[in-house]
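Enquirer: Let's see this in three dimensions:
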Amino acid sequence: MPAIRKIKPLGFQWETADPFLFCVHHEDQFPKGNMEMGPACSLQGRHLGDDFIIKDGFRMYHGKKVPGFPGHPHRGFETITVVRKGLVDHADSMGAAGRYGNGDVQWMTAGKGVQHSEMFPLLSQEKENPMELFQIWLNLPARNKMVEPHFKMLWRDSIPNYVHRDKAGKKTVVEIIAGKIGDKRAPAPPPDSWAAPEQHEVAVWNIKMEAGSSWTLPAASKGVNRTIYCYEGEGIRVAATAIPRYNAVELEPDAVVEIVAGDNPASILLLQGRPIGETVIQYGPFVMNTKEEINQAFEDYHRTQFGGWPWPRYDQVHDRSRTRFARHADGREEVKEG
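Expert: Got it, this is the predicted structure:
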C-alpha cells in the first residue's frame, strides 16, 4: 500500500486533520526596534490594525505600535505556540503573563474562555529582530471544552531531542514537543488536553535534517491522522517521492516512511493524533460542537469578558529589561536567562 495519501501546497494557514484545527506559520524579518519596542521605520502605507500583507519583509498583524495580536478571546480548544526565532509577550485575563521564544513553546488550554494577547516586542535597537513561529490549534473533546483555562511553558531546555545519524554519518534532530520517539518523551501536556492520554498518540515534532541525510519515520497506529509539513529545504524525498518546496504530505499512519533531505538542510513539522471524531463548529475564536454553544460563547463573552482585562493596554508588552519568564494565575513565577 502506498505510504502517501496526498501532497498539497502550503499557504499562510496550513490545513490540518482532526484532532488539529489548523496551523499558521509566521515568518517576519522585523527591523531594529524603537523605544516602544515597535519597528524603527515608517509604517506609512500599512493597514494598521489588520496588516497581513508582507511589506519590507514583515507584517504588523493586528498591532498598531508593536506587531502581534492584542487581547482577544478563545473558547473550546488549545493553542500550541512554537517559537523558533524571536520573542512573544503573553498577557491574559487571568492576570498571567510571560515572555518566551527562541526555541520555547507555550501550550495554552482556552477551555471555558480566556482573553490573551500575543505581542512580538522588538527588543534590539542595534540589529534586526527576525521572528519565526508556528501556532497550532488543537481541538478539545466536548467533555473538556468548558474546563478551567490553563497554560504551560515548555522551555527550550526541557524539550528533548532525538538524534539519528544515518550510514553516512549525516544527522537528523527531532525536537519532541508532544509524543515520544523511543525512550525520548516530551514534557507532559496540560492535564485536560487531548494529547494527555498516551493512547491518543498526539505528536508534534520539529524535524531538522542535514543536507543529504536520511531518516526513517517510525509507524504509528491505524486510525491515527499523520501529516508532515516540509517548510524548509528543496529536493526532499518522502517514501521515494519528490516533494515540491513548501508542501504538506498526508501519510498512512501505520507505514514506516523514509525521508531524505535534498542538497540543502531540511526542516519538517509533523502533526499526528487520533481523531476526536466530533462535530466541529468554529466561529472566529470559538470552537464548539453546536451552533447553540457558539451563540452561548458570544453571550458569555459579552457578559463577562472572560474575566475582563487587568492590563493597562490591550497590546501589553513587558519591560525591555525582562528576560524570559512566565507568571501564572496562581502567582507562581518561572524565570529563565537570556
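
Enquirer: what bits of the stretch 1-150 of the chain have low per-residue confidence?
Expert: Residues of the stretch 1-150 of the chain meeting the criterion pLDDT under 70: 1.

Enquirer: Next, give phi and psi for residue 207.
Expert: Residue 207 adopts backbone torsions of phi -100, psi 120, taken as degrees, to the nearest 10.

Enquirer: Beta-bridge partners for it, please?
Expert: In this structure, residue 207 bridges to residue 174, residue 268 when assessed by DSSP bridges.

Enquirer: Likewise for the one 10 residues further on?
Expert: Under the criterion DSSP bridges, residue 217 forms beta bridges with residue 257.

Enquirer: thought it was touching residue 256?
Expert: Yes. Assessed by Cβ atoms under 8 Å, residue 217 is found in contact with residue 256 at 7.0 Å. For every residue, glycine as well, the C-beta is placed using N, CA and C.

Enquirer: more neighbours, those two?
Expert: Per other Cβ atoms under 10 Å, whichever of residue 217 and residue 256 has more neighbours is residue 217, with 23 against 11.

Enquirer: With residue 178 as the reference, measure out to the more buried one.
Expert: 16 Å (Cβ to Cβ, to the nearest Å).

Enquirer: swap in residue 27?
Expert: Residue 27 is 22 Å from residue 178, by Cβ to Cβ.

Enquirer: got it, and residue 246?
Expert: Between residue 246 and residue 178 the computed distance is 23 Å (Cβ to Cβ).

Enquirer: same check, this time on residue 80
Expert: Going from residue 80 to residue 178 by Cβ to Cβ gives 8 Å.

Enquirer: Residue 10 too?
Expert: 21 Å.

Enquirer: between these two, who's got more neighbours?
Expert: Neighbour comparison, residue 10 and residue 178: the larger count goes to residue 178, with 28 against 17 (by other Cβ under 10 Å).

Enquirer: close enough to count as contact, the more buried one and residue 200?
Expert: No. Distance between residue 178 and residue 200: 10.0 Å, which falls outside the contact criterion (Cβ under 8 Å).

Enquirer: Point out where the stretch 151-300 of the chain drops to low pLDDT.
Expert: Residues of the stretch 151-300 of the chain meeting the criterion pLDDT under 70: none.

Enquirer: Show me where it has its strands.
Expert: 161-165, 171-178, 180-181, 184-185, 203-209, 214-217, 225-232, 237-238, 241-242, 247-251, 257-260, 266-273, 281-283, 286-288 (DSSP state E, counting those that start in this stretch).

Enquirer: Reformat those as JSON lines; add distance to residue 153.
Expert: Supplementary listing: these in JSON lines, determined by distance: least, Cβ to Cβ, whole Å:
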{"stretch": "strand 161-165", "distance to residue 153": "18"}
{"stretch": "strand 171-178", "distance to residue 153": "12"}
{"stretch": "strand 180-181", "distance to residue 153": "20"}
{"stretch": "strand 184-185", "distance to residue 153": "17"}
{"stretch": "strand 203-209", "distance to residue 153": "15"}
{"stretch": "strand 214-217", "distance to residue 153": "28"}
{"stretch": "strand 225-232", "distance to residue 153": "24"}
{"stretch": "strand 237-238", "distance to residue 153": "32"}
{"stretch": "strand 241-242", "distance to residue 153": "38"}
{"stretch": "strand 247-251", "distance to residue 153": "28"}
{"stretch": "strand 257-260", "distance to residue 153": "30"}
{"stretch": "strand 266-273", "distance to residue 153": "20"}
{"stretch": "strand 281-283", "distance to residue 153": "26"}
{"stretch": "strand 286-288", "distance to residue 153": "23"}
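
Enquirer: right, so of those, which gets closest to residue 142?
Expert: Go through those one by one with Cβ to Cβ and the one that ends up closest to residue 142 is strand 286-288, at 8.3 Å.

Enquirer: Need the contact partners of the closest one.
Expert: Surrounding strand 286-288, the residues in contact under the criterion Cβ atoms under 8 Å, 6 or more residues apart in numbering are 21, 73-77, 137, 139-140, 145, 280-282, 294, 297-298.

Enquirer: who touches both of residue 80 and residue 178?
Expert: Taking Cβ under 8 Å, 6+ apart as the contact rule, the neighbours common to residue 80 and residue 178 are residue 204.

Enquirer: Bridge partners for residue 114, pull those for me.
Expert: Beta-bridge pairing for residue 114 (DSSP bridges): residue 74.

Enquirer: hang on, isn't it packed against residue 306?
Expert: Yes. With contact defined as Cβ under 8 Å, residue 114 and residue 306 form a contacting pair (5.6 Å).

Enquirer: Need the overlap of contacts for these two.
Expert: Joint contacts of residue 114 and residue 306 (Cβ under 8 Å, 6+ apart) are 73, 75, 93.

Enquirer: By neighbours, which of those residues wins?
Expert: Using other Cβ under 10 Å as the neighbour definition, those reach their maximum at residue 75, which records 25 neighbours.

Enquirer: can you pull the contacts of that one?
Expert: When the contact criterion is Cβ under 8 Å, 6+ apart, the partners of residue 75 are 110-114, 145, 285-288, 297, 300-301, 306.
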